[in-house]
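Undergrad: Can you look at this prediction? I've put the sequence above it.
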Amino acid sequence: MKYLCAILAAIGTLVVPAGIDAVQQRPPLTSPRLYVFDCGRLEGDPVRFNLKREEMATTDMSVACYLVAHPKGNLIWDTGAVPDADVKSENQPTRYHIILPNTERYVTLTKSLKRQLAEAGYTPKDINYLALSHYHWDHTANNNDFAHATWLVRQVERDAMFSAKLPDLVQASTYSALKNSKTVIIKTDDYDVFGDATVVIKSAPGHTPGHQVLLVTLAKTGPVVLSGDLYHYPEERTLDRVPTFDADAAQNRKARAAIDALVKSHRAQLWIQHDFKGNAALKKGPAFYD
Ligand SMILES: [Zn+2]
(Lines give C-alpha, C1' and ligand atoms only; values in the text may rest on other atoms or scores of the structure.)
Protein backbone atom coordinates (compact mmCIF):
# COMPACT_ATOMS: atom_id res chain seq x y z
CA MET A 1 0.00 0.00 0.00
CA LYS A 2 2.86 2.31 0.91
CA TYR A 3 4.42 1.69 -2.50
CA LEU A 4 1.10 2.16 -4.29
CA CYS A 5 0.66 5.55 -2.58
CA ALA A 6 4.18 6.53 -3.58
CA ILE A 7 3.50 5.56 -7.20
CA LEU A 8 0.20 7.47 -7.27
CA ALA A 9 1.90 10.54 -5.77
CA ALA A 10 4.60 10.36 -8.44
CA ILE A 11 1.98 10.09 -11.21
CA GLY A 12 0.14 13.04 -9.69
CA THR A 13 3.15 15.31 -10.17
CA LEU A 14 3.18 14.50 -13.89
CA VAL A 15 -0.36 15.69 -14.53
CA VAL A 16 -0.17 18.95 -16.47
CA PRO A 17 -3.22 21.21 -16.43
CA ALA A 18 -4.74 21.99 -19.83
CA GLY A 19 -4.29 25.50 -21.19
CA ILE A 20 -1.85 27.74 -22.97
CA ASP A 21 0.60 27.77 -20.05
CA ALA A 22 0.70 24.00 -19.84
CA VAL A 23 4.08 22.88 -21.05
CA GLN A 24 4.88 19.21 -21.29
CA GLN A 25 8.06 17.69 -19.93
CA ARG A 26 10.47 17.50 -22.84
CA PRO A 27 13.00 14.69 -23.03
CA PRO A 28 16.52 15.78 -24.07
CA LEU A 29 16.98 15.56 -27.83
CA THR A 30 19.70 13.62 -29.58
CA SER A 31 18.95 15.01 -33.07
CA PRO A 32 16.96 17.97 -34.45
CA ARG A 33 13.19 18.06 -34.80
CA LEU A 34 11.28 20.29 -37.17
CA TYR A 35 7.78 21.46 -36.21
CA VAL A 36 5.46 23.06 -38.77
CA PHE A 37 2.79 25.36 -37.38
CA ASP A 38 -0.31 26.55 -39.23
CA CYS A 39 -0.07 30.33 -39.17
CA GLY A 40 -3.07 30.84 -41.45
CA ARG A 41 -4.46 30.97 -44.98
CA LEU A 42 -3.68 34.14 -46.92
CA GLU A 43 -5.95 35.20 -49.79
CA GLY A 44 -3.59 35.84 -52.70
CA ASP A 45 -3.76 37.72 -55.97
CA PRO A 46 -2.16 35.96 -58.99
CA VAL A 47 -1.52 39.24 -60.85
CA ARG A 48 1.10 40.21 -58.27
CA PHE A 49 3.01 37.06 -59.21
CA ASN A 50 2.74 37.42 -63.00
CA LEU A 51 0.33 34.47 -63.03
CA LYS A 52 -3.19 33.99 -64.35
CA ARG A 53 -5.91 32.35 -62.31
CA GLU A 54 -6.38 29.58 -64.89
CA GLU A 55 -2.71 28.64 -64.65
CA MET A 56 -2.97 27.88 -60.94
CA ALA A 57 -4.29 25.12 -58.70
CA THR A 58 -5.40 27.69 -56.11
CA THR A 59 -4.80 31.35 -55.34
CA ASP A 60 -4.81 30.64 -51.60
CA MET A 61 -1.48 30.70 -49.81
CA SER A 62 -0.50 28.95 -46.63
CA VAL A 63 1.31 30.88 -43.95
CA ALA A 64 3.69 28.60 -42.10
CA CYS A 65 5.84 29.10 -39.02
CA TYR A 66 8.53 26.64 -38.02
CA LEU A 67 10.36 25.58 -34.88
CA VAL A 68 13.65 23.75 -35.11
CA ALA A 69 14.34 22.02 -31.80
CA HIS A 70 18.03 21.09 -31.69
CA PRO A 71 19.98 19.47 -28.84
CA LYS A 72 21.89 22.77 -28.48
CA GLY A 73 18.90 25.15 -28.59
CA ASN A 74 15.69 26.17 -30.32
CA LEU A 75 15.27 28.31 -33.43
CA ILE A 76 12.03 29.84 -34.66
CA TRP A 77 11.82 30.54 -38.40
CA ASP A 78 9.16 33.09 -39.40
CA THR A 79 6.41 34.11 -37.00
CA GLY A 80 3.23 34.43 -39.04
CA ALA A 81 0.83 37.03 -40.42
CA VAL A 82 -1.58 37.66 -37.54
CA PRO A 83 -0.25 38.89 -34.18
CA ASP A 84 -1.34 36.58 -31.36
CA ALA A 85 -2.67 39.61 -29.47
CA ASP A 86 -5.31 40.02 -32.22
CA VAL A 87 -6.42 36.37 -32.22
CA LYS A 88 -10.07 36.16 -31.19
CA SER A 89 -10.54 32.39 -31.05
CA GLU A 90 -8.22 29.45 -30.35
CA ASN A 91 -10.29 26.81 -32.11
CA GLN A 92 -12.50 28.50 -34.71
CA PRO A 93 -11.18 29.51 -38.15
CA THR A 94 -11.50 33.30 -38.06
CA ARG A 95 -10.95 35.74 -40.94
CA TYR A 96 -8.72 38.69 -40.07
CA HIS A 97 -8.50 41.95 -41.98
CA ILE A 98 -4.86 43.05 -42.02
CA ILE A 99 -4.34 46.74 -42.66
CA LEU A 100 -0.87 47.56 -43.95
CA PRO A 101 0.60 51.02 -44.57
CA ASN A 102 -0.31 51.01 -48.30
CA THR A 103 -2.63 48.04 -48.76
CA GLU A 104 -4.74 45.40 -47.00
CA ARG A 105 -5.00 41.61 -46.86
CA TYR A 106 -7.23 38.87 -45.44
CA VAL A 107 -5.90 35.93 -43.45
CA THR A 108 -7.93 33.12 -41.91
CA LEU A 109 -6.40 31.66 -38.78
CA THR A 110 -7.54 28.97 -36.34
CA LYS A 111 -4.97 29.10 -33.54
CA SER A 112 -2.36 31.51 -32.21
CA LEU A 113 1.32 30.71 -32.62
CA LYS A 114 1.84 30.65 -28.83
CA ARG A 115 -0.97 28.13 -28.41
CA GLN A 116 0.61 25.91 -31.06
CA LEU A 117 4.04 26.26 -29.42
CA ALA A 118 2.51 25.35 -26.04
CA GLU A 119 0.87 22.26 -27.53
CA ALA A 120 4.33 21.20 -28.74
CA GLY A 121 5.72 21.82 -25.24
CA TYR A 122 7.38 25.22 -25.72
CA THR A 123 6.90 28.79 -24.57
CA PRO A 124 8.49 31.80 -26.31
CA LYS A 125 11.07 31.89 -23.48
CA ASP A 126 12.34 28.48 -24.63
CA ILE A 127 13.35 29.96 -27.98
CA ASN A 128 17.05 30.84 -28.22
CA TYR A 129 17.25 32.06 -31.83
CA LEU A 130 14.95 33.96 -34.16
CA ALA A 131 15.56 34.03 -37.90
CA LEU A 132 13.27 35.32 -40.62
CA SER A 133 13.23 34.44 -44.25
CA HIS A 134 12.61 38.17 -44.79
CA TYR A 135 10.92 41.26 -43.40
CA HIS A 136 7.48 41.16 -45.10
CA TRP A 137 4.52 41.47 -42.71
CA ASP A 138 3.30 37.89 -43.24
CA HIS A 139 6.54 36.55 -41.71
CA THR A 140 6.97 38.93 -38.76
CA ALA A 141 3.62 39.10 -36.90
CA ASN A 142 4.88 37.69 -33.60
CA ASN A 143 8.52 38.78 -33.68
CA ASN A 144 8.21 40.91 -30.55
CA ASP A 145 7.45 37.75 -28.53
CA PHE A 146 10.96 36.54 -29.37
CA ALA A 147 12.88 39.75 -28.66
CA HIS A 148 14.72 37.97 -25.81
CA ALA A 149 16.17 35.49 -28.34
CA THR A 150 19.27 36.09 -30.45
CA TRP A 151 18.23 37.49 -33.82
CA LEU A 152 20.12 36.09 -36.83
CA VAL A 153 19.87 38.61 -39.67
CA ARG A 154 21.79 40.17 -42.54
CA GLN A 155 22.83 43.81 -42.21
CA VAL A 156 21.04 44.93 -45.37
CA GLU A 157 17.75 43.40 -44.19
CA ARG A 158 18.01 44.85 -40.68
CA ASP A 159 18.91 48.29 -42.07
CA ALA A 160 15.77 48.26 -44.27
CA MET A 161 13.56 47.24 -41.33
CA PHE A 162 14.65 50.22 -39.25
CA SER A 163 15.20 52.80 -41.98
CA ALA A 164 13.43 56.17 -42.02
CA LYS A 165 11.70 55.23 -45.28
CA LEU A 166 10.36 51.72 -44.72
CA PRO A 167 10.04 49.26 -47.60
CA ASP A 168 6.57 48.21 -48.81
CA LEU A 169 4.77 45.32 -47.14
CA VAL A 170 6.25 45.71 -43.68
CA GLN A 171 4.37 46.06 -40.41
CA ALA A 172 7.03 47.75 -38.29
CA SER A 173 5.05 47.54 -35.02
CA THR A 174 5.31 43.73 -35.11
CA TYR A 175 9.11 43.74 -34.89
CA SER A 176 9.94 47.01 -33.11
CA ALA A 177 11.30 45.17 -30.02
CA LEU A 178 14.00 43.48 -32.12
CA LYS A 179 15.84 46.80 -32.31
CA ASN A 180 17.33 46.05 -28.88
CA SER A 181 17.65 42.28 -29.27
CA LYS A 182 20.95 40.51 -29.04
CA THR A 183 21.76 40.31 -32.74
CA VAL A 184 24.15 38.29 -34.86
CA ILE A 185 24.81 39.94 -38.21
CA ILE A 186 25.29 37.18 -40.76
CA LYS A 187 28.17 38.08 -43.06
CA THR A 188 28.56 34.82 -44.98
CA ASP A 189 26.29 33.18 -47.57
CA ASP A 190 25.88 30.19 -45.24
CA TYR A 191 25.38 30.44 -41.47
CA ASP A 192 25.61 27.22 -39.50
CA VAL A 193 23.35 27.94 -36.50
CA PHE A 194 24.44 25.15 -34.14
CA GLY A 195 27.89 24.36 -35.58
CA ASP A 196 27.08 20.84 -36.73
CA ALA A 197 25.74 21.60 -40.25
CA THR A 198 22.22 20.35 -39.42
CA VAL A 199 20.61 23.84 -39.46
CA VAL A 200 22.06 26.23 -42.03
CA ILE A 201 20.72 29.63 -43.05
CA LYS A 202 21.51 30.29 -46.70
CA SER A 203 21.55 33.61 -48.48
CA ALA A 204 18.90 33.87 -51.23
CA PRO A 205 18.50 37.60 -51.93
CA GLY A 206 16.27 39.32 -54.45
CA HIS A 207 12.73 39.08 -53.09
CA THR A 208 14.08 41.37 -50.36
CA PRO A 209 17.74 42.48 -50.12
CA GLY A 210 18.59 40.07 -47.29
CA HIS A 211 16.16 37.24 -48.06
CA GLN A 212 17.31 33.81 -46.89
CA VAL A 213 16.22 30.16 -46.81
CA LEU A 214 16.80 27.47 -44.19
CA LEU A 215 18.37 24.07 -44.84
CA VAL A 216 17.49 21.60 -42.08
CA THR A 217 19.02 18.11 -42.22
CA LEU A 218 16.98 15.61 -40.23
CA ALA A 219 18.07 12.11 -39.23
CA LYS A 220 15.04 10.28 -40.66
CA THR A 221 13.42 12.81 -43.01
CA GLY A 222 16.67 13.92 -44.64
CA PRO A 223 17.41 17.44 -45.89
CA VAL A 224 14.57 19.96 -46.13
CA VAL A 225 14.81 23.51 -47.50
CA LEU A 226 12.31 26.00 -46.07
CA SER A 227 11.87 28.34 -49.01
CA GLY A 228 10.93 31.63 -47.41
CA ASP A 229 9.43 33.52 -50.35
CA LEU A 230 11.97 32.36 -52.92
CA TYR A 231 8.77 31.02 -54.48
CA HIS A 232 5.21 31.63 -53.27
CA TYR A 233 3.08 29.56 -55.63
CA PRO A 234 4.56 26.31 -57.01
CA GLU A 235 3.55 27.58 -60.48
CA GLU A 236 6.19 30.31 -60.19
CA ARG A 237 8.70 27.49 -60.28
CA THR A 238 7.13 25.37 -63.02
CA LEU A 239 6.20 28.35 -65.26
CA ASP A 240 9.27 30.48 -64.45
CA ARG A 241 7.53 33.60 -63.12
CA VAL A 242 8.80 36.10 -60.58
CA PRO A 243 6.66 38.40 -58.43
CA THR A 244 6.01 41.97 -59.58
CA PHE A 245 7.24 43.29 -56.24
CA ASP A 246 10.69 41.72 -55.88
CA ALA A 247 13.33 44.13 -54.60
CA ASP A 248 15.54 42.81 -57.42
CA ALA A 249 13.95 40.27 -59.79
CA ALA A 250 17.22 39.39 -61.59
CA GLN A 251 18.89 38.72 -58.24
CA ASN A 252 15.90 36.57 -57.19
CA ARG A 253 16.27 34.49 -60.38
CA LYS A 254 19.95 33.93 -59.56
CA ALA A 255 19.08 32.90 -56.00
CA ARG A 256 16.41 30.52 -57.31
CA ALA A 257 18.93 28.86 -59.63
CA ALA A 258 21.41 28.44 -56.76
CA ILE A 259 18.86 27.02 -54.32
CA ASP A 260 17.33 24.75 -56.98
CA ALA A 261 20.85 23.38 -57.64
CA LEU A 262 21.33 22.84 -53.90
CA VAL A 263 17.99 21.01 -53.65
CA LYS A 264 19.07 18.77 -56.51
CA SER A 265 22.61 18.06 -55.27
CA HIS A 266 21.43 17.37 -51.69
CA ARG A 267 18.33 15.47 -52.86
CA ALA A 268 16.48 17.77 -50.50
CA GLN A 269 12.78 18.44 -50.23
CA LEU A 270 11.84 22.03 -51.02
CA TRP A 271 8.97 23.14 -48.80
CA ILE A 272 7.49 26.24 -50.39
CA GLN A 273 6.14 28.00 -47.34
CA HIS A 274 3.16 29.63 -49.12
CA ASP A 275 2.28 26.53 -51.22
CA PHE A 276 -1.21 25.88 -49.93
CA LYS A 277 -1.53 22.28 -51.13
CA GLY A 278 2.07 21.35 -50.35
CA ASN A 279 1.85 22.78 -46.86
CA ALA A 280 -1.55 21.18 -46.22
CA ALA A 281 0.05 17.77 -46.80
CA LEU A 282 2.63 18.33 -44.02
CA LYS A 283 1.98 17.18 -40.47
CA LYS A 284 1.56 20.06 -38.04
CA GLY A 285 2.70 20.57 -34.47
CA PRO A 286 2.64 18.98 -31.97
CA ALA A 287 3.62 16.30 -34.50
CA PHE A 288 7.11 16.85 -35.91
CA TYR A 289 9.65 15.71 -38.45
CA ASP A 290 12.91 14.21 -37.22
ZN1 LIG B 1 5.29 35.81 -47.64
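TA: Done, it's in.
Undergrad: For the stretch 101-250 of the chain, what lies in contact range of the ion?
TA: Contacts of the stretch 101-250 of the chain with the ion, taken as C-beta under 5 Å from the ion, map to 138, 229. No exception for glycine: its C-beta is placed from N, CA and C like everyone else's.
Undergrad: The stretch 101-250 of the chain: helices as residue ranges?
TA: With DSSP state H, counting those that start in this stretch as the criterion, the stretch 101-250 of the chain has helices at 113-119, 155-161, 234-238, 249-266.
Undergrad: from those, which stretch is densest packed?
TA: Among the helices of the stretch 101-250 of the chain, the stretch with the highest mean neighbour count (mean count of other C-beta atoms under 10 Å) is helix 113-119, at a mean of 22.
Undergrad: looking just at contacts, which helices and strands does that one meet?
TA: Counting contacts by 3 or more C-beta pairs under 8 Å, 6 or more residues apart in numbering; DSSP states H and E, helix 113-119 packs against strand 33-43, strand 60-70.
Undergrad: now do 7 Å
TA: The elements that helix 113-119 packs onto, with contact taken as 3 or more C-beta pairs under 7 Å, 6 or more residues apart in numbering; DSSP states H and E, are strand 33-43.
Undergrad: Now do the contacts for the nearest residue to residue 181 once chain neighbours are set aside.
TA: Sequence neighbours aside, residue 151 is the residue nearest to residue 181 in space, at 4.6 Å (criterion: C-beta to C-beta, 6 or more residues apart in numbering). Applying C-beta atoms under 7 Å, 6 or more residues apart in numbering, we find residue 151 in contact with 130, 178, 181, 183.
Undergrad: so what's residue 151 bridging to?
TA: Judged by DSSP bridges, the bridge partners of residue 151 are residue 130, residue 183.
Undergrad: Can we start the residue count at 835 from this point?
TA: Understood, numbering begins at 835; the last thing we discussed is residue 985.
Undergrad: What distance do you get for it to the ion?
TA: For residue 985, the distance to the ion equals 19 Å [C-beta to the ion, to the nearest Å].
Undergrad: how would you label residue 929: helix, strand or coil?
TA: Residue 929 falls in the strand class when you classify it by DSSP: H, G, I helix; E, B strand; the rest coil.
Undergrad: what number of residues lie near it?
TA: 11 (other C-beta atoms under 10 Å).
Undergrad: Grab the nearest non-local neighbour of residue 1016.
TA: With C-beta to C-beta, 6+ apart as the criterion, residue 1016 has its nearest non-adjacent residue at 4.7 Å, and that residue is residue 984.
Undergrad: was I right about the one you found contacting residue 1018?
TA: Yes - contact criterion C-beta atoms under 7 Å: residue 984 and residue 1018 qualify, at 5.9 Å.
Undergrad: out of those two, which sits in the busier spot?
TA: residue 984 (18 against 14).
Undergrad: what's around the closest residue to the ion within the stretch 885-1034 of the chain, how many residues?
TA: Closest contact between the stretch 885-1034 of the chain and the ion, by C-beta to the ion, is at residue 972 (4.3 Å). For residue 972, the count of nearby residues is 25 (other C-beta under 10 Å).
Undergrad: next one: the one 10 residues further on
TA: Residue 982 is flanked by 13 other residues according to other C-beta under 10 Å.
Undergrad: Could you pull up the residues touching it?
TA: Residue 982 is in contact with residue 959, counting by C-beta under 7 Å, 6+ apart.
Undergrad: all strands for the protein, in order.
TA: According to DSSP state E, the chain carries its strands in the segments 867-877, 894-904, 907-911, 928-933, 938-943, 963-965, 984-987, 1017-1019, 1024-1026, 1033-1037, 1046-1052, 1056-1060, 1103-1105.
Undergrad: Give me whichever of the ones you listed is most buried.
TA: strand 963-965 (a mean of 25).
Undergrad: That one packs against which elements?
TA: Judged by 3+ C-beta pairs under 7 Å, 6+ apart, the packing partners of strand 963-965 are strand 907-911, strand 984-987.
Undergrad: export those strands to TSV and tack on mean pLDDT and distance to residue 861?
TA: Output for the helices and strands packed on strand 963-965, formatted as TSV (pLDDT from 0 to 100; distance: least, C-beta to C-beta, whole Å):
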stretch	mean pLDDT	distance to residue 861
strand 907-911	98	14
strand 984-987	98	24
